[in-house]
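Novice: let me see the structure of the following:
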Amino acid sequence: MPYIIFPSEVIDIPETEPVKNVCALDFIHLFGIMCYPSDSAARDRLAEAISSGNVLSLIEGMMGRYGNTHEIHVDAGLTLRLVGAPDMTATVGQAVEDAAFGGALAGNVLGWILFRGEQPETRATASLGSAFRMIEEATRAGRWRGGGTENMKRNIWPTYRPVAHFWAALSMWRDMEGEDFTTARNMLLFLGMAEFLRKKGETFVPLRANAPLLNGEETWKIRPEVANDWPVFEVQCRDLDAWDLRKHIKDRHPCK
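Specialist: Residues are numbered from 1 along each chain as shown. This next block holds a predicted model:
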């Protein structure tokens with residue numbers, strides 16, 4: 001049962017640090033989990049790349065601003081760390097390429113099933129099989145590779161199921177045209193939405209299934225001692241077509 005511990009909870013952050021920087025640090029940590037839910041080495045590599053990239057950017061900025069009038073020295077240990085660190089742009093780009101497609105589809109599966117399961121007239125289609133077929137039809141129409149039923153069943157859904165609630169919440173956040181995650185309010189709202197979807201997914205059993213949609217032993221979640229103090233969130237879907245990719249997909253090639 002993996003719990004998320006955010007950097008702001010364990011790092012001694014100066015009180016003068018802008019809130020937006022703290023929120024960004026926490027979201028980057030969450031993004032790593034969303035991209036690599038079962039690969040801690042890949043998450044560490046992503047975090048190191050981003051951290052080193054930010055430090056390098058800061059040093060370059062100081063040299064550009066003060067280099068003509070001051071001599072700037074960089075600690076030897078830090079220099080070795082930066083030289084050996086993975087490239088930030090390439091590493092983040094790879095994470096997005098690896099996860100943006102599969103994670104988004106997993107989030108779409110979760111949203112499709114949970115909200116269709118609420119309505120008697122659509123409950124019969126609130127199943128993994130129905131969701132996979134919808135995605136296959138949509139990706140075939142849009143000429144996207146990787147959205148076939150077998151790939152969804154064997155690879156994408158098992159890989160991203162532990163974080164599907166975050167990807168579903170991100171999809172809703174984009175539909176809401178929400179702002180970025182640089183305020184505590186936005187982070188709380190986003191995490192609250194994701195937690196609502198997780199809890200719903202861990203209790204909802206689709207028709208002809210013998211287990212809940214999400215496995216509570218594998219889903220990434222907020223620690224109870226943190227979430228218990230949050231206000232109660234409830235998410236309602238007024239338009240089921242929002243989760244039907246066949247209504248929205250475009251003719252493009254995200255895998256190329």
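
Novice: which residues in the stretch 1-150 of the chain form strands?
Specialist: If DSSP state E, counting those that start in this stretch is used as the criterion, the strands of the stretch 1-150 of the chain fall at 3-4.

Novice: and the gap between residue 97 and residue 108?
Specialist: According to Cβ to Cβ, to the nearest Å, residue 97 and residue 108 sit 18 Å apart. C-beta: built from backbone N, CA, C; applies to glycine.

Novice: of the two, which one has the most company?
Specialist: Set residue 97 next to residue 108 and count neighbours by other Cβ atoms under 10 Å: residue 108 wins out with 23 against 12.

Novice: got the contact list for the more buried one?
Specialist: 131, 135, 167, 168, 171, 243, 245 (Cβ atoms under 8 Å, 6 or more residues apart in numbering).

Novice: again, 10 Å this time
Specialist: 131, 134-135, 138, 164, 167-168, 171, 242-245, 248 (Cβ atoms under 10 Å, 6 or more residues apart in numbering).

Novice: confidence score at it?
Specialist: Note for residue 108: predicted pLDDT of 96.

Novice: distance of it from residue 158?
Specialist: 15 Å.

Novice: list the buried ones in stretch 5-14?
Specialist: Residues of stretch 5-14 classed as buried under the neighbour-count rule (16 or more other Cβ atoms under 10 Å) are 6, 8.

Novice: okay, how far is it across that stretch, tip to tip?
Specialist: 19 Å (Cα to Cα, to the nearest Å).

Novice: pLDDT below threshold where in the stretch 1-150 of the chain?
Specialist: 1, 46-96 (pLDDT under 70).

Novice: oh sorry, the question was meant for the stretch 151-256 of the chain
Specialist: 250-256.

Novice: ok so, going back, show me which of the contacts of residue 108 is closest to residue 221.
Specialist: residue 164 (12.3 Å; Cβ to Cβ).

Novice: what sits against the closest one?
Specialist: 34, 37, 103-111, 113, 156-157, 194, 197-198, 201, 213-214, 219-220.

Novice: what distance do you get for the closest residue to residue 152 other than its chain neighbours to residue 206?
Specialist: Closest residue to residue 152 apart from its sequence neighbours, by Cβ to Cβ, 6 or more residues apart in numbering: residue 132 at 4.5 Å. According to Cβ to Cβ, residue 132 stands 12 Å off from residue 206.

Novice: go ahead and confirm residue 214 touches residue 107.
Specialist: No. Residue 214 is beyond contact range of residue 107, at 11.8 Å (criterion: Cβ atoms under 10 Å).

Novice: hey, what's in contact with both of the two?
Specialist: Joint contacts of residue 214 and residue 107 (Cβ under 10 Å, 6+ apart) are 164, 165, 197.

Novice: give me the element the last one is part of.
Specialist: Right, residue 197. helix 184-203 (DSSP states H and E).

Novice: and the next helix or strand past that helix?
Specialist: strand 221-222.

Novice: which other residues reach that next one?
Specialist: Residues outside strand 221-222 that contact it (Cβ under 10 Å, 6+ apart): 1-6, 162, 165, 191-192, 194-195, 198-199, 202, 227-228, 230.
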